[in-house]
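Enquirer: sequence and predicted structure, then a few things I'm wondering about:
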Amino acid sequence: MNRRPSASVFFRSVVLALLFLLASSFQAAAERIQLDISSSGVRKLAVAVPPFSCAAGKDIARLITSALEFHGFAQITETAAGADYVVEGACSMQGGQMQVEGRLLDAAADKRLPVRQFRGAAAQQDDLALRLADALVEDFTGEPGISRTSIAFVSDASGRKEIYIADVLGRKVRQITKHNHLCVSPRFSPDGSLLAYSSYHRGNQNLYITDLSQNQTTKALSRREGMNLAPAFAPDGRTMIATLSKDGSPDLYRLDMQGKILERLTEGSGINVSASFSPDGRSIAFVSDRSGKPQVYVMDLASRKTRLLTLQGQENVEPSWSPKGDQIVYTSLTSGRYHIFAIPVGGGSPTRLTSGYGDYEAPSWSPDGKQVAFARKRNGIMEICTVFANGKGERTLFRLKGNQSYPRWSPRRR
């Protein structure tokens, strides 16, 4: 006769299963270093990246070195002697296909983490190397790196302010617009495939969008009279919020992806510009002068309830909502200079992220929420710079001809 297991036997089975899951989770966590790079007290790790064992090994190692340095937690050493960690890598070619693999060696414990392996066409060598770099960053921090992301920005290198894109390591600079006229405010779609911007080349500030995969066809989203300012895309990629002044004062409107107005969000309350979505798409931060001076506000989109977020500073503009959802960065005019500040979404005391001389404008979060890009003007030259979320490590991202402004960080590439 079949007998049902007793309650005690069932309980022990559940406990054993839970213990197994906990042990598996602990083992998975143990296979990563879990370095908190946002902590101001973290010492940089000494990491050696010897040439990979293949013909392109030096180039691959050099690119991975740049990617690890970009994330801010690694101090690259020339040799493995004295290094905390060593990147052990190899690559191979077969039939036009390349395989790149690597793993971390914990030098002190003489322990090797699991191998990370990537395959693709030989022409994708750099991308494969950066995929590996981002995987190694995940082994260090628990979160994939952002080596394969890009920055869109405005540059006057051609003599006119046009939209450009470069990867975060300063390579592959690409001019997107060729209107031979003023273009401003680039904005990526949530999947990174489209780029919206505003241009004056037809005499009015019109809103356009281009497909970055082919960079030939540019579509007009809004040519309404007055201001048509580049939008904030909703996280689901279905709608956007743009600033239009077709009825007089600039206000926020929700548009579909073809530029059709779906609803008006602000009306009769001063100038309303610069929307930035929360990661869950339920709220936006924006700028309004309804209180007399430009300040950052937060709106719940379902109820339209709006609250004032910033209280300090003579002028607070250009909000950017953190992808982690906890902070909003913005530009603030304080003591005659523009600087970048961060403030908790729920309100509170802001933290100044920039500290050098000059003016700092147009902040944009990295997709991992650990860095902020911005434009810094010093001695008449404007450059794209970054700083970590703790206010440490301010640096020039890349040096290009002319002046660069209006940076916007891309989403992660798939």
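Expert: Great, that's in hand. Computed from a predicted structure; not experimentally measured.

Enquirer: show me what contacts residue 239?
Expert: Contacts for residue 239 (CB atoms under 8 Å, 6 or more residues apart in numbering) come out as 233, 254, 255, 256, 257, 262. (Each C-beta comes from the backbone N, C-alpha and C, glycine too.)

Enquirer: ok, and the most crowded of those residues?
Expert: Neighbour counts for the contacts of residue 239 (other CB atoms under 10 Å) peak at residue 233, which has 25 neighbours.

Enquirer: hang on, the earlier thing: export the contacts of residue 239 to JSON lines and tack on pLDDT, distance to residue 383 and secondary structure?
Expert: What follows is the contacts of residue 239, written out as JSON lines (pLDDT from 0 to 100; distance: CB to CB, whole Å; DSSP: H, G, I helix; E, B strand; the rest coil):
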{"residue": "233", "pLDDT": "97", "distance to residue 383": "26", "secondary structure": "strand"}
{"residue": "254", "pLDDT": "98", "distance to residue 383": "34", "secondary structure": "strand"}
{"residue": "255", "pLDDT": "97", "distance to residue 383": "33", "secondary structure": "strand"}
{"residue": "256", "pLDDT": "97", "distance to residue 383": "36", "secondary structure": "strand"}
{"residue": "257", "pLDDT": "95", "distance to residue 383": "33", "secondary structure": "coil"}
{"residue": "262", "pLDDT": "98", "distance to residue 383": "38", "secondary structure": "strand"}
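
Enquirer: what about the residue lying closest to residue 138 once chain neighbours are set aside, how many neighbours?
Expert: Among residues not flanking residue 138 along the chain, residue 144 sits closest, at 4.6 Å (CB to CB, 6 or more residues apart in numbering). Taking other CB under 10 Å as the criterion, the count of residues near residue 144 is 18.

Enquirer: residue 144 and residue 133 touch, don't they?
Expert: No: with contact defined as CB atoms under 8 Å, residue 144 does not count as touching residue 133 (9.8 Å).

Enquirer: tell me the confidence at residue 335?
Expert: At residue 335, the pLDDT value in this model is 88.

Enquirer: low-confidence stretches in the stretch 51-200 of the chain?
Expert: Within the stretch 51-200 of the chain, no range satisfies pLDDT under 70.

Enquirer: show me where it has helices.
Expert: Applying DSSP state H, counting those that start in this stretch to the stretch 51-200 of the chain gives helices spanning 57-70, 125-141.

Enquirer: buried residues of the shortest one, list them for me.
Expert: Across helix 57-70, burial judged by 16 or more other CB atoms under 10 Å covers 57, 59, 60, 61, 63, 64, 65, 66, 67, 68, 69, 70.

Enquirer: any residues touching that helix, and which ones?
Expert: 47, 49-52, 54, 74, 76, 87, 89, 91, 100, 102, 125-126, 129-130, 132-134, 136-137, 145, 147, 168-169.

Enquirer: now residue 254: how far from residue 94?
Expert: Separation of residue 254 from residue 94 (CB to CB, to the nearest Å): 51 Å.

Enquirer: with residue 80 instead?
Expert: Relative to residue 94, residue 80 is positioned 29 Å away (CB to CB).

Enquirer: looking at these two, which is more packed in?
Expert: When neighbours are counted by other CB under 10 Å, residue 80 and residue 94 differ, and residue 80 comes out ahead with 17 against 9.

Enquirer: list the contacts of the more buried one.
Expert: Applying CB under 8 Å, 6+ apart to residue 80 gives the contacts 48, 50, 86, 107.

Enquirer: the last one: how many residues sit nearby?
Expert: To tie it back to what came earlier, the one meant is residue 107. Burial of residue 107 is recorded as 17 neighbouring residues (other CB under 10 Å).

Enquirer: next up, the contacts around it.
Expert: By CB under 8 Å, 6+ apart, the contact set of residue 107 is 80, 83, 84, 85, 86.

Enquirer: between all of those residues, which two are separated the most?
Expert: Spatially, the most separated pair among those is 80 and 84, at 10.3 Å (CB to CB).

Enquirer: show me the protein divided up by domain.
Expert: Following automatic domain parsing, one gets these domains for the chain: 45-141, 150-409.

Enquirer: end to end, how far does the shortest one reach?
Expert: To tie it back to what came earlier, the one meant is domain 45-141. Length of domain 45-141, first residue to last, CA to CA, to the nearest Å: 12 Å.

Enquirer: just give me the neighbour total for the closest residue to residue 151 other than its chain neighbours.
Expert: Leaving aside its sequence neighbours, residue 151 sits nearest to residue 407 (CB to CB, 6+ apart; 5.2 Å). By other CB under 10 Å, 24 other residues sit near residue 407.
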